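Undergrad: build me a structure from this.
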Amino acid sequence: MKLFFITLFVTSAAFAQSASVKIKDVPTDKNTTIEIKKGTSDSSIKYEITQGEDEIQGDSAPLLKQARLNWKKACADWKSEFKELNKENSILSMSCGTPACQTQTMETICTSKATYKLKVKMN
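TA: Take a look at the predicted model:
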């Protein structure tokens, strides 16, 4: 087993301090983990992973190419709004999915099923 020496430098804006911590007499015959934390930890916060779906629909257009561009814009807008609502960095994944385009009465509309996964703080 290896013996690890840990040196911790703590710098504060108010006090220009440096501190070093030396670990002595740590037994090396077993796996050892040394953890140094500053401040308090709140392990009472619980999180739940939730996932959901949304439908994304672009504006209709006479040509397929323009309809796909409209869908891409709708996807970018959805992602932007979704990220804007994410104040606590809780988005784990998000996808606009694959567009399916249909032509009806000389207009093409592209839609897709968007999916997302979030980490939600439970009270």
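
Undergrad: now do the strands in this protein.
TA: Counting by DSSP state E, the chain has strands at residues 46-57, 91-95, 100-104, 107-122.

Undergrad: out of the ones you listed, deepest packed?
TA: When the strands of the chain are scored by mean count of other CB atoms under 10 Å, the highest mean neighbour count falls to strand 107-122 (a mean of 16). In short, each C-beta sits where N, CA and C put it, glycine included.

Undergrad: and that one, how far out from the chain's middle?
TA: Its chain's C-alpha centre and that of strand 107-122 lie 15 Å apart, by CA atoms, centre = their mean, to the nearest Å.

Undergrad: correct me, but Ala61 touches Ala67?
TA: Yes: counting by CB atoms under 8 Å, Ala61 does reach Ala67; the two are 4.3 Å apart.

Undergrad: residues shared between the contacts of these two?
TA: Listed as contacting both Ala61 and Ala67 by CB atoms under 8 Å, 6 or more residues apart in numbering are Thr108.

Undergrad: between these two, who's got more neighbours?
TA: Taking neighbours as other CB atoms under 10 Å, Ala61 and Ala67 compare with Ala67 leading, 23 against 18.

Undergrad: what about that one, distance to Ala76?
TA: Here the criterion is CB to CB, to the nearest Å. By it, Ala67 lies 15 Å from Ala76.

Undergrad: burial of the residue lying closest to Ile109 once chain neighbours are set aside, as a residue count?
TA: Leaving out its chain neighbours, the residue that sits closest to Ile109 by CB to CB, 6 or more residues apart in numbering is Ser60, at 4.6 Å. Neighbour count for Ser60, taken as other CB under 10 Å: 17.

Undergrad: from Met106, how far off is Ser60?
TA: 10 Å.

Undergrad: who touches both of these two?
TA: Listed contacts common to Ser60 and Met106 are nil; contacts here mean CB under 8 Å, 6+ apart.

Undergrad: what sits against Ile45?
TA: With contacts taken as CB under 8 Å, 6+ apart, Ile45 has the following neighbours: Lys121.

Undergrad: give me phi/psi at it?
TA: Main-chain torsions, Ile45, degrees, to the nearest 10: phi -80, psi 130.
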